[in-house]
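S.K.: sequence first, predicted model second:
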Amino acid sequence: MKNGFQPVIRPLGEDSILVEFEPEVSWEVNGKVRRLLHTLGKKGIGGYRMSLPAYRSLMVFYDPWEISDDRMLSEVKMALTESELMDEPEGRLFRLPTVYGGKWGPDVDRVAELSGITAQKVITLSSNLKLPVYFLGYICSQAYMGGIPKELQSPRHQSPRSLVPGGSFGFGGPQANILAVDSPSGLNYVGRTFVKVFNPDRFPPTAFSPGDFVQCYAVDEKTAIEAGKKPMEDFIEPLCHR
């Protein structure tokens with residue numbers, strides 16, 4: 001690797017291999033994960049099933065009845081070398097109409113107080129962020145995002161809320177998410193989009209992919225609710241810049 005760090009590649013269980021990169025959460029390190037993910041997907045390896053990305057690692061699954069452990073390990077190592085030379089496919093920008101504050105964004109005032117800025121500035125800053133999607137996971141393909149600036153970074157609630165509506169947009173520290181479905185959470189929720197980011201009647205059930213970006217731009221309540229009648233794909237725009 002260019003920076004001298006050697007990824008750790010090790011079998012995990014009888015049908016998977018874990019590849020671990022630098023122990024940090026950053027878009028650069030996650031880019032290595034995404035490039036390896038894309039490289040493995042393009043190689044057409046017999047017996048390769050799928051890969052699950054995380055912030056700094058990739059779990060590779062395969063069928064041991066179709067490909068031996070040693071062969072799969074070799075394929076992963078070759079793919080890793082190839083991934084260092086490839087350009088990552090450009091992600092997409094999802095611009096989701098979002099209503100901020102009030103009952104839809106109950107933590108705007110909390111973030112404002114902790115950050116020493118006005119509630120309106122919290123909304124303005126949040127609305128203009130283009131947040132990178134690192135990976136999908138947890139409940140219902142929820143997008144794990146990052147990129148919250150230090151000015152907005154606020155600690156999570158010590159006692160999580162027992163139920164937060166799906167579509168709620170919030171953050172804790174540098175991490176952010178849009179809840180895929182109603183669920184408990186301790187993040188600071190500042191707004192809500194009514195665009196359904198999880199649809200069990202389609203496959204895949206979300207249009208988000210690692211490498212995409214999300215902007216939750218501010219609109220009024222009526223506009224946000226009306227936008228919920230449209231599919232996620234209607235809100236994709238070219239990614240001109242971060």
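M.R.: Now that the structure is in, tell me what you want to look at.
S.K.: can you give me the helices in this structure?
M.R.: 27-43, 69-83, 108-115, 119-128, 221-227 (DSSP state H).
S.K.: so where's this protein uncertain?
M.R.: 1-3, 240-242 (pLDDT under 70).
S.K.: go with 50
M.R.: For the chain, residues meeting the criterion pLDDT under 50 lie at 242.
S.K.: thinking again about what came up before, select, out of the helices of the chain, the one closest to residue 199.
M.R.: helix 221-227 (14.7 Å; Cβ to Cβ). In short, each C-beta sits where N, CA and C put it, glycine included.
S.K.: just list what that closest one packs against, helices and strands only.
M.R.: strand 93-100, strand 188-193 (3 or more Cβ pairs under 8 Å, 6 or more residues apart in numbering; DSSP states H and E).
S.K.: contacts for that helix next, please.
M.R.: Under the contact criterion Cβ atoms under 8 Å, 6 or more residues apart in numbering, helix 221-227 has outside partners 96, 97, 98, 99, 104, 192, 193, 194, 195, 219, 235.
S.K.: which members of these are the farthest-apart pair?
M.R.: Farthest-apart pair in the contacts of helix 221-227 is 104 and 235; separation 17.8 Å (Cβ to Cβ).
S.K.: stretch 103-117: end-to-end distance?
M.R.: 20 Å (Cα to Cα, to the nearest Å).
S.K.: who's in contact with it?
M.R.: Here stretch 103-117 makes contact (Cβ under 8 Å, 6+ apart) with 99-101, 118-119, 121-123, 125, 151-155, 168-170, 188-192, 221, 224.
S.K.: quick check on those residues: which are buried?
M.R.: Using 16 or more other Cβ atoms under 10 Å as the burial test, these include 99-101, 119, 122-123, 125, 152-154, 168-170, 188-192, 224 as buried.
S.K.: thought residue 49 was touching residue 66, still the case?
M.R.: No. Using Cβ atoms under 8 Å, residue 66 is not in contact with residue 49, being 9.2 Å away.
S.K.: one step back: redo the helices of the chain as TSV? Include distance to residue 146.
M.R.: Shown next, in TSV, are those (distance: least, Cβ to Cβ, whole Å):
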stretch	distance to residue 146
helix 27-43	7
helix 69-83	21
helix 108-115	17
helix 119-128	14
helix 221-227	24
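S.K.: nearest to residue 13, out of those?
M.R.: That would be helix 69-83 among the helices of the chain, by Cβ to Cβ, at 10.6 Å.
S.K.: go through the closest one and flag the buried ones.
M.R.: 72, 73, 75, 76, 79, 80, 83.
S.K.: so what's residue 130 up against?
M.R.: By Cβ under 8 Å, 6+ apart, the residues touching residue 130 are 93, 147, 213, 214, 215, 242.
S.K.: for the buried residues of helix 69-83, which one is nearest residue 206?
M.R.: Nearest to residue 206 among the buried residues of helix 69-83, with distances taken as Cβ to Cβ, is residue 83, at 24.3 Å.
S.K.: ok, the closest one to residue 100 distance?
M.R.: For residue 83, the distance to residue 100 (Cβ to Cβ, to the nearest Å) stands at 39 Å.
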